[in-house]
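here's a sequence, model it:
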Amino acid sequence: MLTEVERTELERRVRSRKGRAEDGRVARVLLLLADGATYKDTAERVGCSEPFISKWKKRFLEQRLAGLYTRHQGRPVRVLTPKMEARILAWTNKAPTDGSTHWSTRRLAKKLGVHHMMVARTWRKHGLQPHRFERYKASNDPDFEAKAADVIGLYLNPPQHAAVFCVDEKTAIQALDRKDPILPLSPGRAERHGFEYVRHGTLSLFAALNIKTGDVLGKTADRHTSQEFVAFLQQLVAGQDEDREIHIILDNLSAHKTKRVQEFLSSHPCVHFHFTPTYSSWLNQIELWFSKIERDLIHRGVFTSTPDLARKIMRYIRCYNRDPRPIKWTHDDPSKHIVPTKRSAVTVH
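Have a look, this model is predicted:
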C-alpha cells in the first residue's frame, strides 16, 4: 500500500531523466507491486530478477522511502594494526616467492591478503623503497685509513706555500657525430637527438685541478700512456715556481708507477705523489670536475672529428678558468670516521 506522497515520489523517479537508472528501476518495481503485479510479471516487465524484487520490497516495508537509497556492501574495513604493520615489514625484508628480485605494493598485498595501499602506507611511514637500490664501492686497501687521512689532510690543511693538484685521466672520450639534425627545444618539448651516430675515434683527457684556486690544467692525447702522463706532469711543473713544492693526488693506475714516472720524480724532488686508496676515486676531487664536463659538454656534444673534440674540450677549460671555483671539503662530525670492518679487510665508508 502506497500513500499519496510515496506514489508521487516513485512516479517522479520513474519519469526522471537526470536521476540514477537504478533508482528508476526500483521505483517501477514498487509501483507494479502496489498495483497487484506478481513477482514473475514484474521481473519480465522491468528486466530484473525475483531476488532483486524481494530485496527492495523488504527495504521499503521496513523503512519506506528512506530505505530506497543504495548501500554498497563493500569489503570489511581492515585497520592497519601494529601487528599487521610488523607483518608487512617482516615480509618486506624477505625475498619474494615468485622469482622476482623485490616486492611491489600489489605483489606483497596479494601475498598477505591486504589492500595495496596498506602496504604503501607502511612503506612510506618507515621510509622503505624496495624498488630502488644504490651502488657502493668498498676498498680492500689494508692502509685505507692512513692513505685517506693523508689525502683529506691535504684538502683541509694544505702545506703552506705549496701547490696541491688533483690529477687523473678521463679516457676513451668518443667523438660522436649525429646522422640526423638536432631538433632544438621548444615550449613543451625537449631537445631531440637522432638515434644513429657516427663514431670518429676517441681521445683521452689529462687534467689537474688546483685545490686552492679551482683552476684546471688540461691536455688531450690519443692514448693514456705513461709517456703522455709524464709529458703532462712536465707541463704542470713548468707552470709553477722552480723551488715550489708540488703535491699531486692521483689514483693507482699502472701508468702512474712506471719506470719513466720514477725517473721524473727523481729529477724533480719538489714533486710529491699522494696515492688514493684502491677503489676510492671519490677521494680525488678531479672526478667531480670530470662529471661536470661530462654533463656540460661531452654527453650532448656533437663532434665531427677527434681534433674537433679536442678543440671544444680545451675551449671549455679556458672558459671555465675565467671564473673557477675551488671545491671545499668539510668534516662536521669527528666521531664519524672511516674504519675497516672486523669481518674482512674491506673498508666501509
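
show me what the strand or helix carrying Lys125 is packed against.
In this assignment (DSSP states H and E), Lys125 forms part of helix 116-126. Applying 3 or more CB pairs under 8 Å, 6 or more residues apart in numbering; DSSP states H and E, we find helix 116-126 packed against helix 82-92, helix 105-112. All C-beta atoms are positioned from the backbone trio N, CA, C, and that covers glycine.

how about residues contacting it?
Residues from elsewhere that reach helix 116-126 (CB atoms under 8 Å, 6 or more residues apart in numbering): 78, 80, 84-85, 88-89, 92, 105-106, 108-109, 112, 128-130.

would you mark the buried spots in stretch 146-153?
Lys147, Ala148, Asp150, Val151 (16 or more other CB atoms under 10 Å).

among those, which lie within helices?
Among those, DSSP state H puts Lys147, Ala148, Asp150, Val151 in helices.

between the residues you listed, which sits nearest Ala221?
Val151 (25.4 Å; CB to CB).

list phi and psi for the residue lying closest to Glu287 once chain neighbours are set aside.
In space, and not counting its chain neighbours, Glu287 is closest to Ser281: 5.3 Å by CB to CB, 6 or more residues apart in numbering. Main-chain dihedrals, Ser281, degrees, to the nearest 10: phi -60, psi -20.

wait, what's in contact with Ser281?
Lys137, Asp168, Asp251, Glu287.

measure the residue lying closest to the third one once chain neighbours are set aside to Gln262 for me?
On the basis of CB to CB, 6+ apart, the spatially nearest residue to Asp251 that is not a chain neighbour turns out to be Thr276, at 5.4 Å. Computed as CB to CB, to the nearest Å, the Thr276 to Gln262 distance reads 19 Å.

these two: which is more packed in?
Higher neighbour count among Thr276 and Gln262: Thr276, with 24 against 10, using other CB atoms under 10 Å.

hmm, the more buried one is touching Ile286, no?
No. The pair Thr276 / Ile286 is not scored as a contact, 10.7 Å apart, by CB atoms under 8 Å.

okay, helices next: where are they in the stretch 151-300 of the chain?
226-238, 259-267, 286-293 (DSSP state H, counting those that start in this stretch).

of those, which is nearest Leu156?
Of all the helices of the stretch 151-300 of the chain, helix 286-293 comes closest under CB to CB, at 16.2 Å.

need the strands for the stretch 101-250 of the chain, in chain order.
163-178, 197-210, 216-221, 246-250 (DSSP state E, counting those that start in this stretch).

and the angle from the first one to strand 246-250?
Direction vectors for strand 163-178 and strand 246-250, defined by axes from the mean of the first three to the mean of the last three CA atoms, to 10 degrees, enclose an angle of 40 degrees.

next one: the second one
What separates the directions of strand 197-210 and strand 246-250 is an angle of 140 degrees, with the same axes, to 10 degrees.

in strand 197-210, which residues are buried?
His200, Leu203, Ser204, Leu205, Phe206, Ala207, Ala208, Leu209, Asn210.

now these in TSV, with distance to Leu183 and pLDDT?
Formatted as TSV, the buried residues of strand 197-210 follow (distance: CB to CB, whole Å; pLDDT from 0 to 100):
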residue	distance to Leu183	pLDDT
His200	22	89
Leu203	27	92
Ser204	32	92
Leu205	29	93
Phe206	35	93
Ala207	32	94
Ala208	38	94
Leu209	36	93
Asn210	40	93
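
of these, closest to Arg318?
When the buried residues of strand 197-210 are compared against Arg318 (criterion: CB to CB), the nearest one is Ala207, at 13.1 Å.

residue contacts, that closest one?
Val167, Asp168, Glu169, Lys170, Val216, Leu217, Gly218, Lys219, Ile286, Trp289, Phe290, Ile317.

cutoff 6 Å now
Val216, Gly218, Ile286 (CB atoms under 6 Å, 6 or more residues apart in numbering).

rounded mean pLDDT for stretch 55-63, please.
Stretch 55-63 carries an average pLDDT of 84.

hang on, I meant stretch 211-231
Stretch 211-231 comes out at a mean pLDDT of 90.

next one: the residue nearest to Asp180 when sequence neighbours are not counted from Thr101, what distance?
Nearest residue to Asp180 in three dimensions, chain neighbours excluded: Gly194, at 2.9 Å (CB to CB, 6+ apart). Distance of Gly194 to Thr101, computed by CB to CB: 34 Å.

what of Arg189?
35 Å.

re earlier: need the helices of the stretch 151-300 of the chain in TSV (columns: distance to Trp56).
Output for those, formatted as TSV (distance: least, CB to CB, whole Å):
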stretch	distance to Trp56
helix 226-238	89
helix 259-267	93
helix 286-293	70
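
who wins for neighbours among the contacts of Ser281?
Counting by other CB under 10 Å, top hit in the contacts of Ser281: Asp168 with 24 neighbours.

show me where this structure dips below the pLDDT cut-off.
In the predicted model of the chain, residues 70-77, 331-349 satisfy pLDDT under 70.

just to confirm, which residue in this protein is farthest away from the center?
Within the chain, Gly36 marks the point farthest from the mean C-alpha position, 69.9 Å out by CA atoms, centre = their mean.
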